[in-house]
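A.B. asks: Have a look at this prediction, sequence included:
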Amino acid sequence: MTMLRIDIREQQTQESDDMKNRIRHIATLAMFTLTSTFALANTTAGGEEQWQIVEEDQSSSSTTASTSTSSNQAAPKQTSSSKPASRSSSRSSSNSGFKIGMGLDQGLSIVGQINNTVNFAIGNDGIAADYIFSRGSFSGDVPFNWYAGVGGQIQRSDKFGPRVALGVELPFAKNWDGYAQLTPNLMFDNSDLKLGIGAGIGVRYSF
């Protein structure tokens, strides 16, 4: 009877110890869960604050970029509006560089100029062309401009040879000018070589 009581007490003592251990395990697990939840909540809150800061930085940078882009787009519009005016003014003040008119060079001739560098004459007595290699103006109030060129001529009487053109030009009206020149030349006539001097005068219209 005494042994039975001792066994029952030991069994009760062991059960109470087991219950205490279970309670300890449950309490430890509860504390760990609470601690983890609290730490996770703090981490999440800090991440949300960082995310909000990043979003604010991105929004401010995008606003700055859009402002700079709009200002850059507005600037070319102002410059582009001024370009057509300058182009139109330059076009209105310039011409094609081609002049044509009438004069006396190879007899009665059609005379002209190409790009301010080549003078030509096509007349009853032949054709001539000169390359203008130098131009200038006189000092003071002289309205003439001078030029010097070198070229050649072919006449109907089988004469041909090189020549030098020394002349002056005078613009006297809009798109109109007149010229006069002397043309020292060296002419080949069959087997003969003759040194001579010619002259020319004319009026031309610039297109």
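C.D. replies: Nice, thanks for sending it over. Numbering: from 1, shown residues only.
A.B. asks: Restricting to C-alpha, output stretch 106-117 in PDB.
C.D. replies: Output of stretch 106-117 as PDB, limited to C-alpha atoms (Å, rounded to 0.1, in the frame of the first residue of the first chain):
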ATOM      1  CA  GLN A 106      33.600  91.000-131.500                       C
ATOM      2  CA  GLY A 107      31.700  93.400-133.600                       C
ATOM      3  CA  LEU A 108      28.100  93.800-132.400                       C
ATOM      4  CA  SER A 109      28.000  91.200-129.700                       C
ATOM      5  CA  ILE A 110      25.900  89.500-127.100                       C
ATOM      6  CA  VAL A 111      27.900  90.000-123.900                       C
ATOM      7  CA  GLY A 112      27.500  88.500-120.500                       C
ATOM      8  CA  GLN A 113      29.100  87.400-117.200                       C
ATOM      9  CA  ILE A 114      29.000  84.100-115.300                       C
ATOM     10  CA  ASN A 115      29.400  84.000-111.500                       C
ATOM     11  CA  ASN A 116      31.400  87.300-111.600                       C
ATOM     12  CA  THR A 117      34.400  85.400-112.900                       C
END
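A.B. asks: Go through it and flag the buried ones.
C.D. replies: Buried residues in stretch 106-117, counted by 16 or more other CB atoms under 10 Å: 106, 109, 110, 111, 112, 113. The C-beta positions use only the backbone N, C-alpha and C, and glycine is treated the same way.
A.B. asks: so which helix or strand takes in the third one?
C.D. replies: Just to be clear, that refers to residue 110. According to DSSP states H and E, residue 110 maps onto strand 107-114.
A.B. asks: if we can go back for a sec, quick one: which of the buried residues of stretch 106-117 is nearest residue 122?
C.D. replies: Minimum distance to residue 122 across the buried residues of stretch 106-117 is 4.9 Å, recorded for residue 110 (CB to CB).
A.B. asks: tell me which residues form a beta bridge with the closest one?
C.D. replies: For residue 110, the beta-bridge partners are residue 102, residue 122 (DSSP bridges).
A.B. asks: How about residue 114?
C.D. replies: Beta-bridge partners, per DSSP bridges, of residue 114: residue 98, residue 118.
A.B. asks: list the helices and strands the host helix or strand of residue 196 packs on?
C.D. replies: Residue 196 belongs to strand 192-206 when assigned by DSSP H and E. Under the contact criterion of 3 or more CB pairs under 8 Å, 6 or more residues apart in numbering; DSSP states H and E, strand 192-206 touches strand 98-105, strand 107-114, strand 159-173, strand 176-189.
A.B. asks: Can you give the domain ranges for the protein?
C.D. replies: 1-94, 98-206 (automatic domain parsing).
A.B. asks: ranking those domains by mean pLDDT, which is last?
C.D. replies: For the domains of the chain, mean pLDDT drops lowest on domain 1-94, to a mean of 53.
A.B. asks: burial measure for the nearest residue to residue 115 once chain neighbours are set aside, as a count.
C.D. replies: Spatial nearest neighbour of residue 115, chain neighbours left out: residue 97 (4.3 Å); criterion: CB to CB, 6 or more residues apart in numbering. The tally of other residues near residue 97 (other CB atoms under 10 Å) stands at 12.
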